[in-house]
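Chemist: One predicted model, sequence on top.
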Amino acid sequence: MEASENHVSVFKVGTDNKPVIANLIQLYLYNMTGELPFPIRRDGRFEYGLLECFWQHPLIFEGEDLAGFALVIDGSPVSSAPDRHFMAEFFVLRAYLGKGTGISAFSQILRIHTGPWQIGVIDKNVEVNAFWAKVTAPNKPATPPHRFDGENWLLYEFGLLP
């Protein structure tokens with residue numbers, strides 16, 4: 001999978017890039033510790049047990065520079081709906097925030113993964129909810145609240161058949 005918009009590119013990665021995703025996930029989890037406590041191992045790395053499920057997904061580049069990743073899966077683990085794409089994780093390095101990198105990458109991902117979508121965000125993650133509200137607005141998402149794993153979530157759902 002490859003797409004390009006302005007200077008932002010999204011590339012599906014192979015097994016040789018698995019360590020890249022593993023490293024970026026550490027930065028992603030660190031960024032999220034303001035809203036959620038993540039367990040940290042004695043070696044100083046955050047626990048993340050889902051890498052084997054997700055690592056073969058897109059890397060995001062700004063020009064030639066690695067800017068983040070997107071982990072898209074089929075079926076929603078939050079609502080258990082099997083008939084949609086789900087953004088399991090989406091991360092853009094701080095250096096690229098506010099520059100349109102995330103918006104462009106998400107737009108490309110939507111063109112690659114057509115059909116119904118769901119994006120779930122823990123409701124207390126205000127900054128991330130603001131981002132998803134903005135980038136999904138053209139798709140007029142339904143945004144039902146949902147309780148999952150002991151937390152209140154907001155689901156952004158769009159592209160569903162009536």
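Modeler: Looks like it came in fine.

Chemist: which residues sit in contact with residue 152?
Modeler: Residue 152 sits next to 122-124, 145-146 when contact means C-beta atoms under 8 Å, 6 or more residues apart in numbering. Where you see a C-beta, it was placed from the backbone N, CA and C, and this is true even at glycine.

Chemist: Just the helices from the protein, written as ranges.
Modeler: Per DSSP state H, the chain carries helices over the ranges 18-32, 51-54, 101-112, 126-136.

Chemist: what inclination does the first one have with respect to helix 126-136?
Modeler: In terms of direction (axes from the mean of the first three to the mean of the last three C-alpha atoms, to 10 degrees), helix 18-32 departs from helix 126-136 by 120 degrees.

Chemist: same for helix 18-32, what does it pack against?
Modeler: Packing partners of helix 18-32 (3 or more C-beta pairs under 8 Å, 6 or more residues apart in numbering; DSSP states H and E): helix 51-54, strand 65-74, strand 85-92.

Chemist: if we go to 10 Å?
Modeler: Applying 3 or more C-beta pairs under 10 Å, 6 or more residues apart in numbering; DSSP states H and E, we find helix 18-32 packed against helix 51-54, strand 58-62, strand 65-74, strand 85-92, helix 126-136.
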